[in-house]
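>>> quick one: sequence plus predicted model below, questions after.
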Amino acid sequence: MILAVTMNPSVDISYPLHEFKLDAVNRVETVRKTAGGKGLNVARVIAQMGEKVLATGVLGGTIGDYIVQELNKSDISNDFLNIERESRNCIAILHEGMQTEILESGPTLTKEEGADFLGKFEDLLSKVSLVTISGSLPKGLPADYYQQMIEISQRKGIPVILDSSGDPLRKALLYKEKPFAIKPNITELSQLLGMKVDSGIRHLQQALDHELFQGIEWIVVSMASEGAFVRIGAADYRVTIPKIEVVNPVGSGDATVAGLAVALNRNQPATAVLKTAMTTGMLNTIEAGTGSINMTKFNQYFDLVKVEKID
């Protein structure tokens, strides 16, 4: 079983509008509400791939209740730390080919609540064989909180895929206990290193030679429509994907993490792992729903992904 962690989940609300009028009334006929947050997107895709998954994190209030109800409807097992304060809403206004987002910051956790979740997290590790940690940290938790989770996981012998950015990601790379896999994009890689990183193969190789990345077994550098550059141990790979018609790119990175997690958990060969991860990312892109794939199309797109080892 895979444990999918979302520390700052939300209800994602999508408002599609033909035209977004400022300082006026905008009426919406169709509203889509989803149990959201990057880790919940990951959990949903893992479940759609037929793999057992357990969703965890911190939830509160009526919004938290709604998230649990939605997960239960999708038969996704869950075990959250419950707090009294409300979880957050995240609103996306889709208009004129653009997406305007209004994101609540979510509740501020106390030191005690942070400690309580670490205890729950350690208990849940006895049930799982791999962990994904996705997204931002709630306010109130220290920037090294993910690193603390990775340290606990390493003591239990459980690999962690970390998909975050900024200080939480940097802190997780500064210690001896490293995540098993990370999935930065080019922008996040540039922020980590304090320098502009471009998509050239040699430049990416030089960037990943930095000491921050020593000891990480899998580094998947997401390059959107260009695919990915991947370092597995001492081997580098270029992964390319076909041109596809994009319906909704939101959550495609999370779907990629889900595919990566499932394939690694099934002990598939490296090439199959990479093709699976890219395929699930693409399948999310061609669906209207966020964190959703159609597995009937999996083999068709899997065969279109190309993996080339770089000498």
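Nice, thanks for sending it over. Residues are numbered from 1 along each chain as shown.
>>> contact partners for the closest residue to L189 other than its chain neighbours?
Leaving aside its chain neighbours, L189 sits nearest to V197 (4.9 Å; criterion: C-beta to C-beta, 6 or more residues apart in numbering). Every C-beta, even on glycine, is put in place using the N, C-alpha and C of the backbone. Each residue near V197 by C-beta atoms under 8 Å, 6 or more residues apart in numbering is listed here: 186, 189-190, 203-204, 207.
>>> try A228
By C-beta under 8 Å, 6+ apart, the neighbours of A228 are 220-222, 238-239, 274, 277-278.
>>> after whichever strand or helix holds Q69, next one along is what?
Assigned by DSSP states H and E, Q69 belongs to helix 61-73. Scanning forward in sequence from helix 61-73 by DSSP H and E, the next helix or strand is strand 77-78.
>>> which outside residues touch that following strand?
For strand 77-78, with C-beta under 8 Å, 6+ apart as the criterion, the contacting residues are 52-56, 68, 71-72.
>>> out of these, grab the one that's most surrounded.
Neighbour counts for the contacts of strand 77-78 (other C-beta atoms under 10 Å) peak at A55, which has 29 neighbours.
>>> mind checking the SS state of that one?
Taken by DSSP: H, G, I helix; E, B strand; the rest coil, the conformation at A55 corresponds to strand.
>>> how about it, what does it touch?
4, 6, 39-40, 43, 71, 76-80.
>>> nearest to L162, of those residues?
G39 (11.0 Å; C-beta to C-beta).
>>> neighbours around that closest one, how many?
27.
>>> spatially nearest residue to it (excluding sequence neighbours)?
The shortest distance from G39 to any non-neighbouring residue, by C-beta to C-beta, 6+ apart, is to T6 (3.0 Å).
>>> and the one you found, what are its bridge partners?
G57, S134 (DSSP bridges).
>>> quick one: buried residues of the helix or strand harbouring Q206?
Here Q206 sits within helix 201-208, counting by DSSP H and E. Within helix 201-208, the residues scored as buried using 16 or more other C-beta atoms under 10 Å are 204, 207-208.
>>> neighbouring contacts of it?
By C-beta under 8 Å, 6+ apart, helix 201-208 touches 189, 193, 197, 219, 221, 229, 231, 236, 238, 310.
>>> now that helix: mean pLDDT?
Throughout helix 201-208, pLDDT has a mean value of 94.
>>> then stretch 139-152?
Here the average pLDDT along stretch 139-152 is 97.
>>> for that stretch, give me every contacting residue.
For stretch 139-152, contacts defined as C-beta under 8 Å, 6+ apart pick out 5, 7, 105-111, 113-114, 118, 121-122, 125, 131, 133, 137, 160, 162, 164, 167-172, 174-175, 177-179.
>>> can you count the residues close to the closest residue to P179 other than its chain neighbours?
Distances taken as C-beta to C-beta, 6+ apart place L162 nearest to P179, at 4.0 Å, with adjacent residues excluded. Close neighbours of L162, defined as other C-beta under 10 Å, add up to 26.
>>> re earlier: contacting residues around the next helix-or-strand element following the helix holding Q206?
Moving toward the C-terminus from helix 201-208, the next helix or strand (DSSP H and E) is strand 218-222. Residues outside strand 218-222 that contact it (C-beta under 8 Å, 6+ apart) are 161, 180-186, 189, 204, 208, 213, 228-232, 253, 256, 260, 264, 274, 277.
>>> and the strands in the stretch 201-311 of the chain?
Remark: strands assigned in the stretch 201-311 of the chain by DSSP state E, counting those that start in this stretch are 218-222, 228-232, 235-240, 306-310.
>>> and the last one, what does it pack against?
Translated: strand 306-310. Counting contacts by 3 or more C-beta pairs under 8 Å, 6 or more residues apart in numbering; DSSP states H and E, strand 306-310 packs against strand 235-240, helix 270-285.
>>> select, out of these, the one closest to L304.
Among these, if distance is taken as C-beta to C-beta, the winner is helix 270-285, at 8.3 Å.
>>> and the angle from the closest one to strand 218-222?
40 degrees (axes from the mean of the first three to the mean of the last three C-alpha atoms, to 10 degrees).
>>> helix 270-285: which residues count as buried?
Of the residues in helix 270-285, those buried (16+ other C-beta under 10 Å) are 270, 273-285.
>>> least confident pick among those?
Confidence-wise, T285 trails the rest of the buried residues of helix 270-285, at 92.
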